[in-house]
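> Have a look at this prediction, sequence included:
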Amino acid sequence: MFSHFDFVTLRISKTNFMLKKLILIYTIFHSSLSSFAQISEGGIPLSFTHQIKGTIPVKTIDIELINNKKETANSYRAYVGNIIETDITLENSGIWQNVKNGKLWQLKIVAQNAKAISLYYNAFDIPEGATFFIYNPQKTTILGAFTSRNNPQKGKFATVFTKGDEVILEYYVPNKTTNVGKISVNEINYAFQNIDFEETKNVSGTSGECQININCKGAEQWENEKNATIRWLSRNKDGSWWCSGTIINNANQDFTPYILSSEHNILDDNYLPAESSYFQQFQFYFNYESTECESPSNINSIELKSMIGCTLKASSGANGEIKGSDFLLLELIEDIPDTYNPYFAGWNRLNLAIDSGYCVHHPQGDLKKISKSVQTLSSNKYSNETAYWSTSWQAIGNKIGTTEAGSSGSALFNTNKEIVGTLTSGTSSCSEPTKSDYFGKFYYHWNLNGSNPKNQLKTWLDPNSTGIFSLKGSYKNANSISLPRNQKFSFAISPNPAKEFVTIEIIGDFNSVFELSIFDISGKKLKSDIIYAFEKTKQVNLSNMAKGTYILKLSSEEYTSFQKMLKIE
């Protein structure tokens, strides 16, 4: 519904009349605009407030060039669109015309029957003072203003989807700017499915009916971790597809914008790595979720927040096949804005099975969902070593959520809300939730895919080699809601190495009941005991344990800590 102004009939100057006209146009524009944000300077295109002469030239995209993956898509990918090559520049397309205090370039791109259009650029250089906008003819999706602040370091750039099969490009250069700049579109992303701009959605959206929205009853305790989970759009030379990922904390806690996902999300159909230039064009979406348990009837009510571009920091090193534990670590080109309320998730690098866990993800690129796992088991599904956790799913309330294409790369959290794995694949579905899904072990991601820093998380998530086993998540903004506790918890083991007995001492004053668990080096739990709040120490008998290295875990509802212990004869 449009906002309205009531005007009183009185004598006003021409200047005041034009000012009121601009206010009205601006109000109508903002009340009808889809909530879709890519980092930009805001504002509105010049043509919205000024009468521009002439007709905008049309560039029609040859959709016969599409290799339509609707028919040939591999089921493990949530395909969105097909990539079509083109050649659109300020010199060979569109029309320039003089306007007040500058000149304006416009072009309309038409890709028949596309549900949405995204643009990829092989050159993008906006001079200071110039502004670039992209919008559909209905003005329901408007991106910009893009300015010199948005210029990429290496020239490659992308803009997110606009609704429909037509999009208008509008570029204003003021007279005081001597350099006209450079805008070159070399590829069109032609969306045919799994896209955001549907007027109505059913309860489950594009994903299966069993999937559970993140804000349903039973998911309240995952308020922080949901703010760490993102949806992102990967691509190769032929098409684009949705993936899931997680903003992750590092031992320096300096809020480097790292995204953890799975390597197969960037591989082509022959499992070969992505071209390096594509990383500058990956698209990352934050807070894509329903605020209620039910999905909204109008998807445009959800404010989408996005970022463009990243660099590859590390991966498991696939080359023709999935290798190792299938992990991927990306660093966003820019810091994540505080307005996106990013949570930097914690992690645990020990090889410890969990009794149950949770996965927050975007199946089929849909609104954010949550699934609850059963106990994890070690698996060698894609590796000669047990580099994976195998699990299936159980109910949250009266639904059993699973995973789907598009969930790939999402994190598996233990009940301490630490990442212990990332999703590679599986056969679970709404009809068969007890079939297995496979998560690459965080334990294996850490340093077991190879000694090269580009094949391990250790170098990036513990850059000063502190040797910590686990790390809690954190918000960058101290005023964010649901902050985790900052109080440090640890315990001492003596003697260590030990022979027959060992004493556990809690360091600090903690009014909690703790469970002490002892695991062998493979992650198998061997024994457990309770340390009550009034106890400060606990003696443990080791006489029936073989010599070797063990992991001791001390945990309560609020605190968790790990230590290594050596048993000798």
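Structure's in. What do you need? For clarity, every value in this text was computed on a predicted model and none was experimentally measured.

> What residues of stretch 229-241 count as buried?
For stretch 229-241, burial by neighbour count (16 or more other CB atoms under 10 Å) applies to 229, 230, 231, 232, 233, 234, 235, 236, 239, 240, 241. Where you see a C-beta, it was placed from the backbone N, CA and C, and this is true even at glycine.

> Just the terminal-to-terminal distance for it.
17 Å (CA to CA, to the nearest Å).

> how close does residue 355 sit to residue 470?
According to CB to CB, to the nearest Å, residue 355 stands 17 Å off from residue 470.

> no no, residue 206
From residue 206 across to residue 470, the span is 35 Å (CB to CB).

> And the two? Which one has more around it.
More neighbours surround residue 206 than the other of residue 206 and residue 470, with 23 against 20 (other CB atoms under 10 Å).

> So what pairs up with residue 491 in the strands?
Counting by DSSP bridges, residue 491 is bridged to residue 506.

> For the stretch 101-250 of the chain, just list every one of the strands.
Counting by DSSP state E, counting those that start in this stretch, the stretch 101-250 of the chain has strands at residues 102-110, 116-125, 131-135, 142-146, 157-163, 166-174, 182-191, 212-213, 229-235, 239-248.

> so which of those strands gets nearest residue 524?
Comparing the strands of the stretch 101-250 of the chain by their distance to residue 524 (CB to CB), the top pick is strand 239-248, with 26.8 Å.

> What is the closest one packed up against?
Identification of packing neighbours for strand 239-248 by 3 or more CB pairs under 8 Å, 6 or more residues apart in numbering; DSSP states H and E yields strand 78-89, strand 229-235, strand 258-261, strand 343-344, strand 418-426.

> what's the nearest residue to residue 216 if we skip its chain neighbours?
Sequence neighbours aside, residue 293 is the residue nearest to residue 216 in space, at 3.9 Å (criterion: CB to CB, 6 or more residues apart in numbering).

> again, but for residue 449
residue 324 (3.9 Å).

> State the pLDDT value of that neighbour.
For residue 324, the model assigns a pLDDT of 91.

> what about it, neighbour count?
Residue neighbour count, defined by other CB under 10 Å, stands at 25 for residue 324.

> mind checking how far it is from residue 213?
In this view, residue 324 and residue 213 are 33 Å apart by CB to CB.

> same check, this time on residue 88
Distance of residue 88 to residue 213, given as CB to CB: 39 Å.

> Run through the helices of this structure in chain order.
Listed in chain order, the helices found in the chain under DSSP state H are 14-32, 69-72, 223-226, 442-447, 458-461.

> Pull the residues that contact the fourth one.
By CB atoms under 8 Å, 6 or more residues apart in numbering, the residues outside helix 442-447 that reach it are 316, 324-325, 327, 347-352, 385, 387-388, 419-422, 456-458, 523.

> and if we set it to 6 Å?
With CB atoms under 6 Å, 6 or more residues apart in numbering as the contact definition, helix 442-447 has outside contacts at 325, 327, 347, 349, 351, 387, 419, 420, 421, 456, 457, 458.

> The third one now?
Helix 223-226 is touched from outside by 214, 343, 360, 417, 473, 482, with contacts defined as CB under 6 Å, 6+ apart.

> Can you name the residues bridging to residue 119?
Beta-bridge partners for residue 119, by DSSP bridges, are residue 159, residue 188.

> shouldn't it be in contact with residue 184?
No: using CB atoms under 6 Å, residue 119 is not in contact with residue 184, being 10.4 Å away.

> which of those two has more neighbours?
In terms of neighbours (other CB under 10 Å), residue 119 is the more surrounded of residue 119 and residue 184; the figures are 25 against 19.

> Quick check, pLDDT for the more buried one.
98.

> what about the closest residue to residue 522 other than its chain neighbours, distance to residue 502?
Take residue 522 and drop its neighbours on the chain: the residue closest to it by CB to CB, 6+ apart is residue 351, 6.4 Å away. Remark: distance between residue 351 and residue 502 (CB to CB) = 21 Å.
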